[in-house]
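Asks: requesting a structural model of the entry that follows:
(one chain, ligands or ions: 2)
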Amino acid sequence: MTISIALTKGRVEKQFLQYLKSRGFHVEPLVEKGRKLLVETDAFTCIFVKGFDVATYVEYGICDLGIVGEDILAETHPDVFDLMPLPFGKCRFALAGKPEAVRHQRKRRIATKYPNVTEQFFREKGESVDIVKLEGSVELAPIVGLADAIVDIVETGNTLRENGLTVIEEIQPVTARLIANRSALKIKKQAIWPFIEKLQGEGVAK
Ligand SMILES: Nc1ncnc2c1ncn2[C@@H]1O[C@H](COP(=O)(O)OP(=O)(O)OP(=O)(O)O)[C@@H](O)[C@H]1O
Ligand SMILES: O=P(O)(O)OC[C@H]1O[C@H](OP(=O)(O)OP(=O)(O)O)[C@H](O)[C@@H]1O
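Replies: Numbering: from 1, shown residues only. Ligands and ions are numbered 1, 2, ... in the order given. This is a model prediction of the structure:
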């Protein structure tokens, strides 16, 4: 029984392949995939998709497992089983803006790739804001006056610093996570659990 995995393309992909290698998996077909979007290894079939699509492929049962950032799970709340954190993709959600920003009486405008996370964050603070959805380069918005502040991922803080912005408030930590299709976890348990155990390896918290 073959396991299928939806993997987030980009930096998560690179870190996951390194992690797989450290756990004794053969990653050559994945490393040498070129522009192929579906690759088979001796242990599983892997598809390479954008983070927001990983949960969709897993929720619809096209893939048994997914490797996806917690940022995306927090934003979309897909109907999948959240199996465990993975030791990479570590960053955090933060509210950030210009250090000298003054508070006006009007509603603040917040730019973000994560409107639901932003909405929930400000709802819990009791502040009503206008949210502007962007697809990337979010740090630009306060510089050019599109927004008063942003809600985005911060890792090293370099992008904020180089654009003259600072963290105003930390929101929540984010890490890559292993998710599973709910039925696959039952139907394919004899294939999936040994795979997860090998993935966890020794000394990794279960
Ligand atoms: N600076 C970061 N540090 C650590 N993890 C990050 C960072 N930025 C994003 N991530 C994680 O990586 C996931 C994918 O990020 P994103 O969609 O920006 O793709 P990418 O890795 O930049 O690749 P690309 O934009 O080239 O497709 C995010 O959902 C998040 O979990
Ligand atoms: O704190 P840092 O280490 O600088 O990392 C944070 C940056 O990384 C991500 O951007 P990404 O590179 O994915 O580009 P994007 O703006 O197109 O999303 C995120 O959106 C921040 O911009």
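
Asks: only C-alpha atoms for contact and neighbour calcs from this point on.
Replies: Will do.

Asks: tell me the SS of the spatially most distant residue from the centre of the chain?
Replies: What lies farthest from the middle of the chain is Gln105; by C-alpha atoms, centre = their mean that is 34.3 Å. Classification of Gln105 using DSSP: H, G, I helix; E, B strand; the rest coil returns coil.

Asks: now Gly145: how far from ligand 1?
Replies: 23 Å (C-alpha to the nearest ligand atom, to the nearest Å).

Asks: do the same with Ala184
Replies: For Ala184 relative to ligand 1 (C-alpha to the nearest ligand atom), the value is 23 Å.

Asks: how about Cys91?
Replies: Taking C-alpha to the nearest ligand atom, one finds Cys91 at 5 Å from ligand 1.

Asks: so who does that residue touch?
Replies: Contact analysis of Cys91 by C-alpha atoms under 8 Å, 6 or more residues apart in numbering lists 153-155, 173-175.

Asks: how about the strands in this structure?
Replies: Applying DSSP state E to the chain gives strands spanning 3-8, 38-40, 44-49, 65-69, 81-85, 91-97, 109-112, 130-133, 149-154, 166-174, 176-180.

Asks: hmm, who's touching the third one?
Replies: Same thing as strand 44-49. Under C-alpha under 8 Å, 6+ apart, the answer for strand 44-49 is 2-9, 37-40.

Asks: need those residues in TSV with neighbour count and pLDDT, can you?
Replies: Listed next are the contacts of strand 44-49 as TSV, based on neighbours: other C-alpha atoms under 10 Å; pLDDT from 0 to 100:
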residue	neighbour count	pLDDT
Thr2	14	91
Ile3	17	97
Ser4	23	98
Ile5	25	98
Ala6	29	98
Leu7	26	98
Thr8	24	98
Lys9	18	97
Leu37	12	98
Leu38	15	98
Val39	17	98
Glu40	15	96
